[in-house]
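Q: Make a model of this:
(one chain, ligands or ions: 1)
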Amino acid sequence: MTDWTEKYRPDTLSAVRGNDKARDALREWAESWDDHRKAVIVHGSPGVGKTSAAHALAADMNWPVMELNASDHRGKDIIDRVAGEASKSGTLTGGTSGRRLVILDEADNFHGNADYGGSRAVTDVVKSASQPIVLVANEFYDMSNSLRNACKTIEFRDVSTRSIVPVLRDICRKEDIEFEADALRAIAENTSGDLRSAVNDLQAIAESTERLTEDDVVTGSRDTTEGIFDYLDELIKEKDAEGALKASYDVDETPDDLINWIEDNMPKDYAGAELADAYGYLSNADRWLGRVRATQEYSYWRYATDNMTAGVAASRRESKGGWTRYGPPSYWSKLGRSRGSRNTRDAIASRIADREGASIATARNDILPYLASMTHHCHNRDLTVEMAAAYELDESEVSFVTGSGKDTNKVESIVEDAEARREGAAVEHSGDAFLDAVRSDGDHDETNESTADSEPANQQTLAGDGQSGDDEDRSNSDADTAGKASDDAADSDAGDGGDGSDGQSGLGDFV
Ligand SMILES: Nc1ncnc2c1ncn2[C@@H]1O[C@H](COP(=O)(O)OP(=O)(O)OP(=O)(O)O)[C@@H](O)[C@H]1O
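A: A predicted model of the protein is given here:
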């Protein structure tokens, strides 16, 4: 299955939607580069087209691209060389023909990377570069003052619903998908300005239906979502077990969707032991949903619903007050709805379960979402590499967990590094292979050591296959794991601003 965000990546600037001013400014910057010779910072939220615009610009200008990101080990020499070497050939050919565009992705992350000599060295290169450089960043103010001052700045804003809809419509037409206009609008509204997620959502939903209707877009219809927000309030804060179950009959969501809403919002109010209990019920609910999928026996929905409503309400130990900002299920949870992505999710979960000695349900419901938030957009690169190494993730799996495009050089370089780390670990530890096997079998409380290091090279090869159904056989005494994972998840949220490698030692700390 090709990833539509890659397939429909704009190949010319005029195909970059929703940021006309920024787009024009970028073109103008490139066309006048000989006069000012400054680098440009393109910044804005994830998925609004910054990187695509830089590549499209290069294509329009006929400039070959050299792309690097802050986490790339090739380091500063490369930029130095590219900038220098290209300038020489520029002189030789006596004109612009030796020109190329250097794209520095994750430019807000350089300070954390010693290979580059920190942001000062990058600033120096940027200042003296003899080639046009585009620095792409999410967090403008995470870049040093001097770096910011050395560059021109262009902001990409969140893409409006009005601009997202036509992109989705074009894709539907090219993919021969029937759609209701309202369905596209609902997808666009749900993604709050992130065009990449909108395209991803469209693909996920299109896989599971013949004709896109507004109803397919779980979170789309206003009536439904209002109902669900009220219900979340009742379930999480007010009602007892029976009340929560009864009130759920009026909610216009299938249990498959409802569980995503609950799973994503319950942790905003629950903590500690009650959170662990509630996760236990959600795991049970998810097992019942799995049985429904496997057997098409829809009467099992009842048990799923009992668990996710009455169970969650009964787990509440203290009364909850105040107002909580509940939100629609993340793209990640919604992904579970299409078969292709469910398979990817379950394959990853089964390897996690294998390695951590947890049940597959725990891996899927507790550990994976948590990893997804920790490694969102690969911001914490080190951790992402650890994860890819520990669970032997390939590009599409890293992309699935992190939400970054799978063909991006960020993801590719992470997978390469993870492979290198795994090979290193296999050699170092080959003498202790049995010891490791014994340890990783029962002991998932391992903390300080990097998980990649403790991995026997041949232990995981079976994990990818045995994904379906075998979670029933496993013990489900995972309340501790769940509680621990989610406590840590709360901590991690605060730091989710591209703070890079701040001494996080690895997945073993969290699972
Ligand atoms: N403005 C846009 N016009 C057309 N397509 C877009 C636009 N923004 C995003 N997309 C789609 O989303 C995909 C990802 O966009 P892109 O990687 O350029 O976003 P980004 O802003 O660089 O995000 P990040 O900061 O996460 O790298 C593109 O391949 C394309 O399919």
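Q: contacting residues for the nearest residue to M308 once chain neighbours are set aside?
A: Once flanking residues are discounted, M308 sits nearest to A285: 4.0 Å by CB to CB, 6 or more residues apart in numbering. (Each C-beta comes from the backbone N, C-alpha and C, glycine too.) By CB atoms under 8 Å, 6 or more residues apart in numbering, the contact set of A285 is 255, 259, 303-308, 311.
Q: Which residues of the stretch 151-300 of the chain lie near the ligand?
A: Contact residues (CB under 6 Å from any ligand atom) of the stretch 151-300 of the chain with the ligand: 159, 167, 195-196, 199.
Q: Distance from stretch 306-313 to the middle of the chain?
A: Distance of stretch 306-313 from its chain centroid, counting by CA atoms, centre = their mean, to the nearest Å, is 28 Å.
Q: quick revisit: which members of the residues of the stretch 151-300 of the chain next to the ligand occur in helices, if any?
A: 167, 195-196, 199 (DSSP state H).
Q: quick one: stretch 343-362 to chain centroid distance?
A: Here the centre of stretch 343-362 is set off from its chain's centre by 18 Å, with CA atoms, centre = their mean.
Q: just the CA coordinates of that stretch, formatted as CSV?
A: The C-alpha trace of stretch 343-362 is given here as CSV (Å, rounded to 0.1, in the frame of the first residue of the first chain):
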residue,chain,number,x,y,z
ASN,A,343,-2.2,-5.4,10.9
THR,A,344,0.8,-3.1,11.2
ARG,A,345,-0.3,-2.1,14.7
ASP,A,346,-0.8,-5.7,15.8
ALA,A,347,2.5,-6.8,14.3
ILE,A,348,4.4,-4.2,16.3
ALA,A,349,2.4,-4.9,19.4
SER,A,350,3.2,-8.6,19.2
ARG,A,351,6.9,-7.9,19.1
ILE,A,352,6.6,-5.5,22.0
ALA,A,353,4.6,-8.1,24.0
ASP,A,354,7.2,-10.8,23.2
ARG,A,355,10.1,-8.7,24.3
GLU,A,356,8.6,-7.1,27.4
GLY,A,357,6.7,-10.1,28.7
ALA,A,358,3.4,-8.3,28.5
SER,A,359,0.2,-9.4,26.9
ILE,A,360,-0.5,-8.3,23.3
ALA,A,361,-3.4,-6.2,24.6
THR,A,362,-1.2,-4.4,27.0
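Q: which of the residues in that stretch are buried?
A: 344-362 (16 or more other CB atoms under 10 Å).
Q: Look up the pLDDT of D488 for me, please.
A: The model reports D488 with a pLDDT of 38.
Q: start at 31 instead
A: OK, 31 is where the count begins now, so the last one is D518.
Q: Give me every residue in this protein lying close to the ligand.
A: Going by CB under 6 Å from any ligand atom, the residues of the chain near the ligand are 35, 38-40, 46-49, 76-82, 166, 168, 189, 197, 225-226, 229, 407, 435.
Q: mind redoing it with 5 Å?
A: 35, 38-40, 46-48, 76-82, 225-226 (CB under 5 Å from any ligand atom).
Q: Among the contacts of A315, which lie within helices?
A: Going by DSSP H, the helices hold 285, 289, 333-336 from the contacts of A315.
Q: Dump the longest helix seen in the chain to CSV, restricted to CA.
A: What stands out as the longest helix in the chain, according to DSSP H, is helix 302-325. Output of helix 302-325 as CSV, limited to C-alpha atoms (Å, rounded to 0.1, in the frame of the first residue of the first chain):
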residue,chain,number,x,y,z
GLY,A,302,-2.4,6.2,39.6
ALA,A,303,-4.3,3.1,40.7
GLU,A,304,-7.6,4.1,39.2
LEU,A,305,-5.9,4.7,35.9
ALA,A,306,-4.3,1.3,36.0
ASP,A,307,-7.7,-0.3,36.8
ALA,A,308,-9.4,1.5,34.0
TYR,A,309,-6.7,0.5,31.6
GLY,A,310,-7.3,-3.1,32.7
TYR,A,311,-11.0,-2.8,31.7
LEU,A,312,-10.1,-1.2,28.4
SER,A,313,-7.8,-4.1,27.7
ASN,A,314,-10.6,-6.5,28.3
ALA,A,315,-12.9,-4.4,26.2
ASP,A,316,-10.4,-4.5,23.4
ARG,A,317,-10.1,-8.3,23.6
TRP,A,318,-13.9,-8.5,23.2
LEU,A,319,-13.7,-6.2,20.2
GLY,A,320,-11.0,-8.5,18.8
ARG,A,321,-13.3,-11.4,19.2
VAL,A,322,-16.1,-9.6,17.4
ARG,A,323,-13.7,-8.9,14.5
ALA,A,324,-12.6,-12.5,14.4
THR,A,325,-16.0,-14.1,14.6
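Q: Enumerate the positions of it that are buried.
A: For helix 302-325, burial by neighbour count (16+ other CB under 10 Å) applies to 304-322.
Q: picking that back up, got the ones in helices among the residues of the stretch 181-330 of the chain next to the ligand as JSON lines, with pLDDT and distance to V132 columns?
A: Converted to JSON lines, those look like this (pLDDT from 0 to 100; distance: CB to CB, whole Å):
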{"residue": "V197", "pLDDT": "96", "distance to V132": "28"}
{"residue": "L225", "pLDDT": "92", "distance to V132": "25"}
{"residue": "R226", "pLDDT": "89", "distance to V132": "23"}
{"residue": "V229", "pLDDT": "91", "distance to V132": "27"}
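Q: among those, which two are most distant?
A: Greatest spacing in those, by CB to CB: V197 and R226 (10.4 Å).
Q: Pull up the gap between the closest residue to W318 other than its chain neighbours and N290, please.
A: Spatial nearest neighbour of W318, excluding adjacent residues (CB to CB, 6+ apart): A334 at 3.8 Å. Distance check for A334 against N290: by CB to CB, to the nearest Å, it reads 12 Å.
Q: I'd say A343 and K276 touch.
A: No: between A343 and K276 there is no contact under CB atoms under 8 Å: 10.7 Å.
Q: who's more crowded, these two?
A: Using other CB atoms under 10 Å as the criterion, A343 and K276 rank with A343 on top: 24 against 12.
Q: Point out the other helices and strands that the helix or strand harbouring the more buried one packs with.
A: A343 belongs to helix 342-345 when elements are defined using DSSP states H and E. Contact partners of helix 342-345 among helices and strands, from 3 or more CB pairs under 8 Å, 6 or more residues apart in numbering; DSSP states H and E: helix 271-278, helix 302-325.
Q: quick one, which of the ones you listed is nearest to A69?
A: helix 302-325 (46.2 Å).
Q: I'd like the mean pLDDT over that closest one, please.
A: Mean predicted lDDT for helix 302-325 stands at 89.
Q: just stretch 380-391 next, same as before
A: For stretch 380-391, the mean per-residue pLDDT is 85.
Q: repeat for stretch 70-88
A: The average pLDDT within stretch 70-88 is 94.
Q: just how off-centre is that stretch within its chain?
A: 18 Å.
Q: Please apply the same query to stretch 33-41.
A: Stretch 33-41 sits 17 Å away from the centroid of its parent chain (CA atoms, centre = their mean).
Q: Only the buried residues of that stretch, if you could.
A: Of all the residues in stretch 33-41, those buried under the rule 16+ other CB under 10 Å are 33-35, 38-40.
Q: Give me the subset of those lying in helices.
A: 34-35.
Q: Go ahead and confirm S429 touches E442.
A: No: counting by CB under 8 Å, S429 stays clear of E442, with 10.0 Å between them.
Q: Of those two, give the one with the bigger neighbour count.
A: The neighbour count for S429 versus E442, taken as other CB under 10 Å, is higher for S429 (25 against 13).
Q: Next, give phi and psi for that one.
A: Backbone torsions of S429, given as degrees, to the nearest 10, read phi -60, psi -40.
Q: List the contacts of it.
A: Counted by CB under 8 Å, 6+ apart, S429 has contacts 33, 435-436, 441.
Q: Then K80?
A: With CB under 8 Å, 6+ apart, K80 has these contacts: 72-74, 166, 186.
Q: Format those residues as TSV; extra columns: neighbour count.
A: Below are the contacts of K80 laid out as TSV (neighbours: other CB atoms under 10 Å):
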residue	neighbour count
V72	29
H73	24
G74	23
V166	22
F186	22
